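Enquirer: could you look at this predicted model? Sequence included:
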Amino acid sequence: MLQSMPPKKRATSKVSATRMARAEPLELTQVAAIYLDALNAFYRRRPPVEVVVGAESVTIKAVWPRVAGQEPRSSIGFEIAGSKASLEMPRALLDKWLVQADPAVDLERIALEHAALLVESFLASELSWLEAKLGEAITLDAVNGKSMTASPPFAFIVNSGEGAFSCALRFDDAGHAAALAGLLNAASGEGAPLPDDVPVQVGLWRGAVEVSVGELQSLRPGDVVLLDGIGATALLVIAERLVAPVELIDAGPRLMASPCQFNGSRWEWIMNQKTAPDAVQTLDDAALDDLPVSLVFELGRTVLPIGEVRQLGAGTIVPLPGLESETVDVIANGKRVGRGEIVRIGESLGVRLFGMFGNA
């Protein structure tokens, strides 16, 4: 008589439970410090580079991380000025090169050294070009299925009419990787342009003044902060890095000059207060009431596409919403601390405060 038997428990269940209980550590890729600059240079943002390999036009694009499951299976070992390097590639791409170099080649029986000679002859013009650009001699050693150096992979995708091939280069000398990255940059036009629609914050400052902490604490609603000299200049501030003087007209602020860096400009003092001093002072070394604070009076802010920011110059009018009134935000070292309005005092301008801190 047939009887149903209970299913056997999986032998791995206890092991799996143990692993889950003890939380296996995360394995991270380790990169030697000497390769960091080269990796950053190689993987910088750039469009695919079009090159000719063996009379065939292909594109090369650096990819990070390497696509899982697409690791190259073959390797071509070579030397650059005596320093070892290797090119890892799919066997299908290597076989294609070997057949193009010698249509009668026996791919199953070819010796590794012979394969290297065929590849070297097939890529003769490309290698000569690289030698001229690098100023170093390049020699191919052998073809096998393993990497010839322990350096991190500089991975890239080769796209041709027959599909995409996942490849990687390794260099004992990180300088050779950096030099190759420079060639890619030159061939691609030094990187892909930033899209024109990337947003950039733009603010309109009606003026600025430097006060002490003690003076800031003493300000009350109804007080007037006087703006004079260069502090009374209206400014268009772009991402708190670029600045341009403006005149205020009905259509909006009109630039009187092209934007320039805050650092080195006449308004550098405004931003300097946002930088911590080199040496940290103790309370015994300085009176807190005397510490300087930059007060900025902001009429408004907006967001412009970086494509429009690139075109800003003398005479450009920047439309900003909500500029009908002379109401301003009071900003101390980058933080909003109050509200006020622009008033005229004789021949000068000032800001009458509505409220400060908790009363703003």
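Expert: Yep, that arrived. Small disclaimer: the values here were computed from a predicted structure and weren't measured.
Enquirer: would you map the helices across the stretch 201-350 of the chain?
Expert: In the stretch 201-350 of the chain, the helices defined using DSSP state H, counting those that start in this stretch lie at 213-218, 268-272, 306-310.
Enquirer: how far does the first one sit from the chain's center?
Expert: What that stands for is helix 213-218. Centroid separation between helix 213-218 and its chain, computed with CA atoms, centre = their mean, to the nearest Å, is 40 Å.
Enquirer: cool, the second one as well?
Expert: With CA atoms, centre = their mean as the basis, helix 268-272 stands 26 Å off its chain's centre.
Enquirer: contact partners of it?
Expert: A208, E210, E240, F262, N263, S294, V296 (CB atoms under 8 Å, 6 or more residues apart in numbering). Where C-beta positions appear, they are placed from N, C-alpha and C, glycine not excepted.
Enquirer: buried ones among the residues you listed?
Expert: In terms of neighbour count (16 or more other CB atoms under 10 Å), the buried residues within these are A208, F262, S294, V296.
Enquirer: in this structure the second one contacts A239, no?
Expert: Yep, that's F262 we're talking about. No. Counting by CB atoms under 8 Å, F262 does not reach A239; the two are 10.1 Å apart.
Enquirer: returning to that earlier point: pick out the shakiest of the helices of the stretch 201-350 of the chain, pLDDT-wise.
Expert: Ranked on mean pLDDT, the bottom entry among the helices of the stretch 201-350 of the chain is helix 268-272, at a mean of 81.
Enquirer: quick one on the thing from earlier: and which of the buried ones among the contacts of helix 268-272 is nearest to F78?
Expert: F78 has its nearest neighbour among those in F262, at 49.1 Å by CB to CB.
Enquirer: and the closest one, how close does it get to G307?
Expert: 22 Å (CB to CB, to the nearest Å).
Enquirer: ok, now A104?
Expert: Counting by CB to CB, the separation of A104 from G307 is 57 Å.
Enquirer: out of these two, which sits in the busier spot?
Expert: Counted by other CB atoms under 10 Å, A104 and G307 do not tie: G307 has more neighbours, with 14 against 5.
Enquirer: roughly how far apart are the more buried one and S212?
Expert: Taken as CB to CB, the span from G307 to S212 is 42 Å.
Enquirer: the nearest residue to P65 once chain neighbours are set aside: how many residues sit nearby?
Expert: Of all residues not flanking P65 in the chain, A155 sits nearest, at 7.4 Å (CB to CB, 6 or more residues apart in numbering). Per other CB under 10 Å, the neighbour tally for A155 reads 22.
Enquirer: check contacts around A155.
Expert: Taking CB under 8 Å, 6+ apart, we find A155 in contact with A62, V63, W64, P65, R66, S166, C167, A168.
Enquirer: could you save those as CSV and add columns showing secondary structure, pLDDT and distance to K133?
Expert: Shown next, in CSV, are the contacts of A155 (DSSP: H, G, I helix; E, B strand; the rest coil; pLDDT from 0 to 100; distance: CB to CB, whole Å):
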residue, secondary structure, pLDDT, distance to K133
A62, strand, 92, 18
V63, coil, 91, 23
W64, coil, 84, 24
P65, coil, 76, 28
R66, coil, 74, 26
S166, strand, 91, 25
C167, strand, 91, 19
A168, strand, 91, 20
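Enquirer: among these, which one sits closest to G313?
Expert: Taking these together and measuring to G313 by CB to CB, the closest member is A62, at 35.5 Å.
Enquirer: beta partners of that closest one?
Expert: F156 (DSSP bridges).
Enquirer: and it, what is it in contact with?
Expert: Per CB under 8 Å, 6+ apart, neighbours of A62: F42, Y43, R46, F154, A155, F156, L184.
Enquirer: ok, now how distant is it from G182?
Expert: For A62, the distance to G182 - CB to CB - is 13 Å.
Enquirer: cool, V119 as well?
Expert: From V119 to G182 the distance is 24 Å (CB to CB).
Enquirer: which one's more surrounded, the two?
Expert: Legend: neighbour count by other CB under 10 Å for V119 and G182, higher for V119 (21 against 15).
Enquirer: touching, that one and L140? I think so.
Expert: Yes. Counting by CB under 8 Å, V119 touches L140, with 6.1 Å between them.
Enquirer: name the residues contacting each of those two.
Expert: Counting by CB under 8 Å, 6+ apart, the residues touching both V119 and L140 are I76.
Enquirer: low-confidence ranges in the stretch 151-300 of the chain?
Expert: The stretch 151-300 of the chain contains residues with pLDDT under 70 at 190-194, 273-287.
Enquirer: which parts of it are strands?
Expert: 154-160, 163-171, 199-212, 224-227, 235-238, 242-249, 252-255, 260-261, 292-305 (DSSP state E, counting those that start in this stretch).
Enquirer: direction included, what does the fourth one pair up with?
Expert: The sheet places strand 224-227 alongside strand 348-356 (antiparallel), with pairing taken from DSSP bridges.
Enquirer: quick one: mean pLDDT over the strand it pairs with.
Expert: Here the average pLDDT along strand 348-356 is 90.
Enquirer: ok, now stretch 99-113?
Expert: The pLDDT scores in stretch 99-113 average 89.
Enquirer: now stretch 29-42
Expert: So the average pLDDT for stretch 29-42 ends up being 87.
Enquirer: CA atoms only for that stretch, dumped as CSV, please.
Expert: Extracted in CSV, the C-alpha atoms of stretch 29-42 (Å, rounded to 0.1, in the frame of the first residue of the first chain):
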residue,chain,number,x,y,z
THR,A,29,35.5,46.7,-3.1
GLN,A,30,38.9,47.7,-1.9
VAL,A,31,40.9,50.2,-4.0
ALA,A,32,44.5,51.1,-3.3
ALA,A,33,45.0,54.8,-2.7
ILE,A,34,47.4,55.2,-5.6
TYR,A,35,44.6,54.4,-8.0
LEU,A,36,42.0,56.9,-6.7
ASP,A,37,43.0,59.8,-9.0
ALA,A,38,43.2,57.5,-12.0
LEU,A,39,39.8,56.0,-11.3
ASN,A,40,38.2,59.4,-10.9
ALA,A,41,39.7,60.6,-14.1
PHE,A,42,38.7,57.5,-16.0
